[in-house]
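Undergrad: Sequence first, predicted coordinates after that:
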Amino acid sequence: MKRAVWLIVALVVGLVVGGVLHEWRLAPPEWLPSLVRKWLGSEWLPALILNWLNIVGQVFLNLIFMIVIPLIASALILGVYELGSARGFGRALGRTLLFTVITSTASVLIGVAIVNLVKPGVGVVEASAVAADVERIRSQASAAKPAHQAIIDLVPRNPVKAAANAFDGEFISFVVFCLLAGIALSVSTARDDAKRVLVPFLEQVMSISLKIVGFAMAFAPLAVFTLVLHSAFKNGFGIFLSLAWYAGCVVAGLLLQHVVVYSILLRTIGGRSPMKFYRDCREVYIYAFSTSSSNATLPKALETAETRLGIPPRIARFVLTVGATANQNGTALFEGITVLFLAQVYHVDLSIQQQLFVIVMSIIAGIGTAGVPGGSLPLIMILLLQVGVPPEGIGLILGVDRFLDMCRTVTNVAGDLVIAALVGRGEPDNAEVAGRNP
């Protein structure tokens, strides 16, 4: 079986087994043998699933996260260097920013339209918040930097520290350092020395990083099974009933963004068949859904962009590495829907001006969200505070957030690949660039 098929099987089996065990543990069916009912009620079952089996999934994620920083550094510096060599950096950057704003704006508008039409928060009975999780997210939100300090910190004082804290809020500053390093390398007067020493070194770093990803992929289906099993066993199917309308609005918005917005852009601007594009990207989508992380999916996205989609490597490296943080269409849509949903739950009537504020802030927050599981929750709490919605309301969505995180990560990664295809259209491949710049 192809790897993609194995991954789908692992995902479905993990979801079904975890959900069924969760429900049976709460209320064991009478037709089950007494020995099985006793086993379901034992304390070692959650320990087995939530702790021991989860080791496989967490080791898989750690292997991926372990090489994200060296991979991003090498891929982004090389991509900017090659774009600078071809005199195409300014054009690629401008087009990337343009398409990012277009897709992010479309996603938030879709989300706001759906939540105003369906009104999923009206009549929802307030559930008890998960105190520990809410307090953790509240502390992250209160520690957020003011706008002027965030702009200053875009340029890191210590790039090594920025790399070390990349998953704790300094990811963008590390990306800025890599961008500046790539620009400096492309305009350096010692270009021959750079080609002879630094560029081959960075290419080897990228090659080694991808090889480590290959090691992780060897047990990816098992890892996906344990990750999904963990989430399904912990939350079960029941949580989706009370929040079905809310979750349905998010999923519907993500599908519209994916099927309508991305397809139109691919067909009209990219000159590609959307169905073929999605088919070529199916493995990436499965990894994105399973890991809930744009950063963890980046290695597979880079490989797919270059080998299956035929995007010039320098374009793919630049757009995808920047997009892993700066192009979070699905997250922007999710944030807009969630803020308006919780406003409806708490009977906070947001004016048109306040909804426009939510739209703008969701677009901006989508650009600054860390590409890791749950990275958008602190930003949502900040938005809730700014529009007068009780921030503890975020506890209502925590039960379904993992599932929705998986869904929106697919849209985030798909958006990166779509923009890479749009920016890469008409760009010469590396062989042509080398011929122009001997």
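TA: That came in fine, so what should we check first? Numbers count the residues shown, from 1 in each chain.
Undergrad: Could you check how far residue 339 is from residue 332?
TA: When CB to CB, to the nearest Å is applied, the distance between residue 339 and residue 332 equals 11 Å. Backbone N, C-alpha and C define where each C-beta goes, glycine included.
Undergrad: any residues in contact with both of these two?
TA: Overlap between the neighbourhoods of residue 339 and residue 332 consists of residue 362, taking contacts as CB atoms under 8 Å, 6 or more residues apart in numbering.
Undergrad: max-length helix in the protein?
TA: In the chain, ranked by residue count with DSSP state H as the criterion, the top helix is helix 89-118.
Undergrad: elements contacting that one?
TA: In terms of contacts (3 or more CB pairs under 8 Å, 6 or more residues apart in numbering; DSSP states H and E), helix 89-118 is packed against helix 68-85, helix 244-256, helix 263-268, helix 313-326, helix 329-345, helix 352-368, helix 398-424.
Undergrad: change it to 10 Å
TA: If contacts are counted by 3 or more CB pairs under 10 Å, 6 or more residues apart in numbering; DSSP states H and E, helix 89-118 sits against helix 68-85, helix 171-187, helix 244-256, helix 263-268, helix 313-326, helix 329-345, helix 352-368, helix 398-424.
Undergrad: average pLDDT for that helix?
TA: In this model, helix 89-118 has a mean pLDDT of 87.
Undergrad: now the angle from that helix to helix 352-368?
TA: 140 degrees (axes from the mean of the first three to the mean of the last three CA atoms, to 10 degrees).
Undergrad: now the angle from helix 89-118 to helix 398-424?
TA: Taking the same axes, to 10 degrees, one finds helix 89-118 and helix 398-424 inclined to each other by 140 degrees.
Undergrad: buried set for helix 89-118?
TA: For helix 89-118, the neighbour count (16 or more other CB atoms under 10 Å) marks 89, 92-93, 95-96, 99-100, 102-112, 114-115, 118 as buried.
Undergrad: same check, this time on stretch 296-308
TA: Neighbour-count burial for stretch 296-308 flags 296, 297, 298, 299, 300, 301, 302, 303, 304, 305, 306, 308 (criterion: 16+ other CB under 10 Å).
Undergrad: List the contacts of the fourth one.
TA: For residue 299, the residues meeting the contact criterion (CB atoms under 10 Å, 6 or more residues apart in numbering) are 64, 67-68, 71-72, 75, 206, 209-210, 212-214, 216-217, 284, 287, 320.
Undergrad: now the stretch 301-438 of the chain, which segments are flagged as low pLDDT?
TA: Applying pLDDT under 70 to the predicted model, the residue ranges of the stretch 301-438 of the chain that meet it are 325-327, 364-379, 381-382, 391-393, 395-396, 398-399, 426-438.
Undergrad: Likewise for the stretch 151-300 of the chain?
TA: Low-confidence segments of the stretch 151-300 of the chain (pLDDT under 70): 167-169, 171, 188-195, 235, 238-242.
Undergrad: Can you get me a residue count around residue 70?
TA: Here the count is done by other CB atoms under 10 Å, and residue 70 has 16 residues near it.
Undergrad: What pLDDT is listed against it?
TA: Confidence score, pLDDT, at residue 70: 86.
Undergrad: How much space separates it from residue 45?
TA: Residue 70 is 39 Å from residue 45, by CB to CB.
Undergrad: rewinding a little: in JSON lines: the buried residues of stretch 296-308, plus secondary structure and distance to residue 278.
TA: Conversion of these to JSON lines gives the following (DSSP: H, G, I helix; E, B strand; the rest coil; distance: CB to CB, whole Å):
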{"residue": "296", "secondary structure": "helix", "distance to residue 278": "20"}
{"residue": "297", "secondary structure": "helix", "distance to residue 278": "15"}
{"residue": "298", "secondary structure": "helix", "distance to residue 278": "19"}
{"residue": "299", "secondary structure": "helix", "distance to residue 278": "20"}
{"residue": "300", "secondary structure": "helix", "distance to residue 278": "15"}
{"residue": "301", "secondary structure": "helix", "distance to residue 278": "14"}
{"residue": "302", "secondary structure": "helix", "distance to residue 278": "18"}
{"residue": "303", "secondary structure": "helix", "distance to residue 278": "17"}
{"residue": "304", "secondary structure": "helix", "distance to residue 278": "11"}
{"residue": "305", "secondary structure": "helix", "distance to residue 278": "14"}
{"residue": "306", "secondary structure": "helix", "distance to residue 278": "18"}
{"residue": "308", "secondary structure": "coil", "distance to residue 278": "11"}
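Undergrad: export those to CSV and tack on distance to residue 243?
TA: As requested, these are arranged in CSV below (distance: CB to CB, whole Å):
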residue, distance to residue 243
296, 26
297, 26
298, 30
299, 33
300, 30
301, 30
302, 35
303, 36
304, 33
305, 35
306, 39
308, 36
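Undergrad: for those residues, which one is nearest residue 273?
TA: Of all the buried residues of stretch 296-308, residue 273 sits closest to residue 308, with 13.3 Å by CB to CB.
Undergrad: What distance do you get for the closest residue to the closest one other than its chain neighbours to residue 419?
TA: Counting by CB to CB, 6 or more residues apart in numbering, residue 280 is the residue found nearest to residue 308 once chain neighbours are left out, at 4.3 Å. If you measure residue 280 against residue 419 using CB to CB, the figure is 16 Å.
Undergrad: With residue 339 instead?
TA: For residue 339, the distance to residue 419 (CB to CB) stands at 25 Å.
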